[in-house]
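>>> The following comprises the amino acid sequence and a computationally predicted model.
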Amino acid sequence: MPCSTSSGASSPGRFSSGSDCGDLDTPFTERSILFDDHDIEVAVQQSTLEQHILVVGGCGFIGSHTVWELAKAGYNVIIIDNLSNAFNSVYHRLDAMINLHYDTVKAGCRRPSLKLFEADFRDSKTMEKILEAYEIPLVFQEPENRRHSRISGVIHFAAFKAVGESIKNPLKYYANNVGGLIDFCSLLSDFGIKSFVFSSSATVYGTVADIGIPLREEYCSQTRTVFLDDDGQKKVVESGCSGLTNAYGRTKWMCEAILNDLAHADPEWTITALRYFNPIGCDESGLLGEDPRAAATNLMPVVLRVMTGESPVLNVYGDDYDTPDGTAVRDYIHVTDLALGHLAALKSRTDRGFRVYNLGSGRGYSVLELVAAMEAVSGQKIPTQLVGRREGDVGMCVAKANRAEEELGWRTQKSLGDCCRDVWRFLEESRLTV
């Protein structure tokens, strides 16, 4: 049995989507309960109009910030997380933040529900039991025994994501990221859950990223694509991508291909793949940040380890790239902006099928520029040393995010300075609570 934790307001009820209190009708649970067979009966007997968003990997860095934004917008959230790289304290922190938000900012508004199941999304038997708890019982028999769920959408974050590890242990990445996705989508389909947001990555662009201009979604496509480039010239891109540099990037490309094929085969699916660039920052409250079990290898957590004295110096991998200062350039996006991109994907997709969007700022910063920005915010010198290039890295990776703005109404709002200030606030808050 999976471990379960739930939270909600004390009395059942709903509010209309026209309310100032939120975007969706939201239910409430009467009590915190443990997950057993009786709970399944209770869940099935609840109002069939209650809708939830299932967030797989919802206690991780990006997942937890997305859960927070979903809850503030009035969505009921179910988290699935095996806590292999996160802590259940993240759930309790989210629960407290949501309580405070609905006691103050949205006082008088009904609080959406939040529930955590400590489970692995690849465990089909456990996942089936959880999904059954949210199945809508049918009053009349429907053709083909169609099933319906109170889960109206799924956001999938449960992938391994360390580039270096993927090169050393590729089978681990293919088994979890690719094999896990196939079985999970098959199970969702059995329950009639066919709205899916997939966390992809800019790594799918491979060495195409080094062309020196912002990357368009068309540069890595699952179908033959004809488009006009920025100079008004007609371009034709065949399906596929070139120059993938690591197993992690290949798993993300494979997953996109699988999801595209799924949506083509079953037109009831609405699947959105969001290609992240480089998420950094923390919630502006300083209460929610990046806190993995395993030491993260992306730049900002490494910078923080140097600032706290856990590491003596920041290794800068390569100073001979074709960039202004020779160090690698990345498109850094505030994690709150990224989280809001998932809400936009859920709310703004009016069509069905498979669609890809870049989520980035469109502005690149080098490693040394990020270090300087963090030094300016903290007033602390960050020691660095130049070392050789790291296997699997590219010199530049910057988004062209026009499609997300035009079709989803989404664009970044926060700057690199905002990212650094919020990270520093989280670090200071963490020091105070230790």
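That came through, no problem. If you're wondering where the values come from, they're calculated on a predicted model, not measured in any experiment.

>>> Secondary structure element for Asn315, which one?
Applying DSSP states H and E as the criterion places Asn315 in strand 314-317.

>>> how about that strand: buried residues?
By neighbour count on 16 or more other Cβ atoms under 10 Å, the buried set for strand 314-317 is Leu314, Val316, Tyr317. (C-beta placed from N, C-alpha, C; glycine too.)

>>> So, low pLDDT: which residues of the stretch 1-150 of the chain?
Along the stretch 1-150 of the chain, the parts satisfying pLDDT under 70 run over 1-49, 139-144.

>>> helix or strand right after the strand holding Asn315?
Proceeding N to C from strand 314-317, the next assigned helix or strand is strand 329-330, under DSSP H and E.

>>> Parallel or antiparallel, list what pairs with the next helix or strand after that next one.
Using DSSP H and E, the helix or strand that follows strand 329-330 in sequence is strand 332-334. For strand 332-334, sheet partners with direction are given as strand 278-280 (parallel), following DSSP bridges.

>>> burial measure for Asp418, as a count.
Asp418 is surrounded by 17 other residues when neighbours are defined as other Cβ atoms under 10 Å.

>>> Can you tell me which of the buried residues of strand 314-317 is closest to Pro292?
Sorting the buried residues of strand 314-317 by distance to Pro292 puts Leu314 at the head of the list, at 18.3 Å, by Cβ to Cβ.

>>> if I look at the closest one, how far off is Glu165?
Between Leu314 and Glu165 the distance, using Cβ to Cβ, to the nearest Å, works out to 20 Å.

>>> what's the answer for Gln380, then?
Separation of Gln380 from Glu165 (Cβ to Cβ) stands at 30 Å.

>>> higher neighbour count, those two?
When neighbours are counted by other Cβ under 10 Å, Gln380 and Glu165 differ, and Glu165 comes out ahead with 17 against 11.

>>> Nearest residue to Val398 in space, please, no chain neighbours.
The shortest distance from Val398 to any residue other than its chain neighbours is 4.0 Å, reached at Gly364 (Cβ to Cβ, 6 or more residues apart in numbering).

>>> where does that neighbour fall, phi/psi-wise?
When read as degrees, to the nearest 10, the backbone of Gly364 gives phi -100, psi 150.

>>> State the number of residues packed around the nearest residue to Val367 once chain neighbours are set aside.
Counting by Cβ to Cβ, 6+ apart, Val367 lies nearest to Thr327, which is 4.0 Å off, once chain neighbours are set aside. For Thr327, the tally of surrounding residues (other Cβ under 10 Å) stands at 23.

>>> ok now do Thr327, which residues does it touch?
The neighbours of Thr327, taking Cβ atoms under 8 Å, 6 or more residues apart in numbering as the test, are Val316, Gly318, Asp319, Tyr321, Ser366, Val367, Leu368.

>>> do you know how far it is from Gly243?
The span separating Thr327 from Gly243 equals 20 Å under the rule Cβ to Cβ.

>>> Show me where the stretch 301-434 of the chain dips below the pLDDT cut-off.
431-434.

>>> all helices of it, in order?
Counting by DSSP state H, counting those that start in this stretch, the segments of the stretch 301-434 of the chain that form helices are 335-348, 367-378, 402-403, 416-433.

>>> List the buried residues of the first one.
Okay, so that is helix 335-348. Within helix 335-348, the residues that qualify as buried are 335-347, counting by 16+ other Cβ under 10 Å.

>>> Please apply the same query to the last one.
Within helix 416-433, the residues that qualify as buried are 416, 418-427, 429-430, counting by 16+ other Cβ under 10 Å.

>>> re the thing from before, how much space between the residue nearest to Val367 and Thr384?
Thr327 is 10 Å from Thr384, where distance means Cβ to Cβ.

>>> what residues do the two have in common as contacts?
Counting by Cβ under 8 Å, 6+ apart, the residues touching both Thr327 and Thr384 are Val316, Leu368.

>>> ok, Gly243 - contacts?
Shown in contact with Gly243 (Cβ under 8 Å, 6+ apart): Gly206, Thr207, Val208.

>>> Which residues does stretch 54-62 contact?
Residues outside stretch 54-62 that contact it (Cβ under 8 Å, 6+ apart): 63-64, 66-67, 70, 77-81, 83, 85-88, 90-91, 116, 121, 151, 153-159, 184, 193, 199, 276, 279, 289-292, 335, 338-339.
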